[in-house]
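1. coordinates for the following, if possible.
(one chain, ligands or ions: 1)
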Amino acid sequence: MSSGGPRLRVLPASAWAATVADELLDRLAAEPRLRVCLPTGDTPVPLYAELAARDAARSPSWAQATVVLLDEWAGLPPGDPARCDVRLRRQLLDQLAPPPRFVPIDVDGSDDEAAARAHDAAARGLDLVVLGLGMNGHVGFNEPGSRPDDPTRLVRLAVSSREAATARYGAALTPTAGITVGLGRILEATEVWLLVTGERKADVLRRALREPEGVDCPASYLRRHPRLTVFADEAAVAGPRRRRPRAPGSAA
Ligand code: GLP
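-> Now for the predicted structure:
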């Protein structure tokens, strides 16, 4: 773990996406050949919308950059709306002109283990890994039980992740497995950003940053990285607002 600990940027919700976009585009301007690993999920949606809008307004070019997909469901057919490659293309990549080189995870062949090994090679030596935070402490599909030296691999999904595929993302069927860039590759990257928004993430963010690291919360291992930045909105740090106690005798 670095002596200084993670850089925690707490932002008003209204400025969150623009601030993270500014930092990412500064990074891209300084390093046009950036190799960046990007997540899907709901958290980065406003960031991707901001990046797409900036691109139309002439941001630094993505043409020489490479975007490596963080994780992917196994067993969902090509084009399924929950597929991470579909979502990242639709929300960001298809709106960048010219687009970066994209490295999806090849889950459409017959050998998911081989696909995971190939993606492990693609995920070596990344300049930047951007992550969301799962409610159970996962990053990518590094579910609880994952270890800090894990490679990119085929994993069994936690029940909450399986349910998210259909309930939140509209998958045609419920996947039980996925392929994820492993914590080992994430911790090898030059820099790591963890994106966390909304009060429902406050408890797991506190767990990840403040309590001893452990396999119950894979995100806690990110603190080992010497260049970890957490981009949180105020709600993710403050947690739920306390309800004001009702005055005696007032209506329900
Ligand atoms: C999903 C993905 C992660 C994502 C995380 C948080 O299941 N596997 O890559 O970052 O959970 O999702 P959300 O941003 O929707 O809360």
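2. so what's residue 20 up against?
-> Neighbouring residues of residue 20 by C-beta atoms under 8 Å, 6 or more residues apart in numbering: 47, 50, 193, 195, 231. Using the backbone N, CA and C atoms, a C-beta is placed for each residue, glycine as well.
3. quick check, the helix or strand that contains the last one touching the ligand?
-> Taking DSSP states H and E as the definition, one finds residue 231 inside strand 228-233. No: between strand 228-233 and the ligand, judged by C-beta under 6 Å from any ligand atom, nothing touches; the nearest distance is 12.4 Å.
4. list the helices and strands that strand packs on?
-> If you count contacts as 3 or more C-beta pairs under 8 Å, 6 or more residues apart in numbering; DSSP states H and E, strand 228-233 packs onto strand 7-11, helix 13-30, strand 191-196, helix 202-210.
5. just the helices in the stretch 1-150 of the chain please.
-> 13-30, 45-56, 84-91, 112-122 (DSSP state H, counting those that start in this stretch).
6. can you give me the buried ones in stretch 99-119?
-> Buried residues in stretch 99-119, counted by 16 or more other C-beta atoms under 10 Å: 99-100, 102-107, 112, 115-116, 118-119.
7. what lies in contact with it?
-> 62-69, 71-76, 78, 84-85, 88-89, 93, 122, 152-154, 177, 179, 181.
8. pLDDT on stretch 229-248, on average?
-> Per-residue pLDDT over stretch 229-248 has a mean of 76.
9. of all residues in the chain, which one is closest to the ligand?
-> Closest contact between the chain and the ligand, by C-beta to the nearest ligand atom, is at residue 132 (2.4 Å).
10. beta partners for that residue?
-> residue 195 (DSSP bridges).
11. check contacts around it.
-> Here residue 132 is in contact with 39, 40, 41, 42, 43, 44, 139, 194, 195, 196 (C-beta under 8 Å, 6+ apart).
12. around the ligand, pick out the residues from the stretch 1-150 of the chain.
-> 39, 40, 41, 42, 43, 70, 71, 132, 134, 140, 141.
13. now render those residues as CSV, adding pLDDT and distance to residue 30.
-> Conversion of those to CSV gives the following (pLDDT from 0 to 100; distance: C-beta to C-beta, whole Å):
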residue, pLDDT, distance to residue 30
39, 98, 22
40, 98, 26
41, 96, 27
42, 96, 29
43, 98, 25
70, 98, 22
71, 98, 27
132, 98, 24
134, 97, 31
140, 98, 26
141, 98, 30
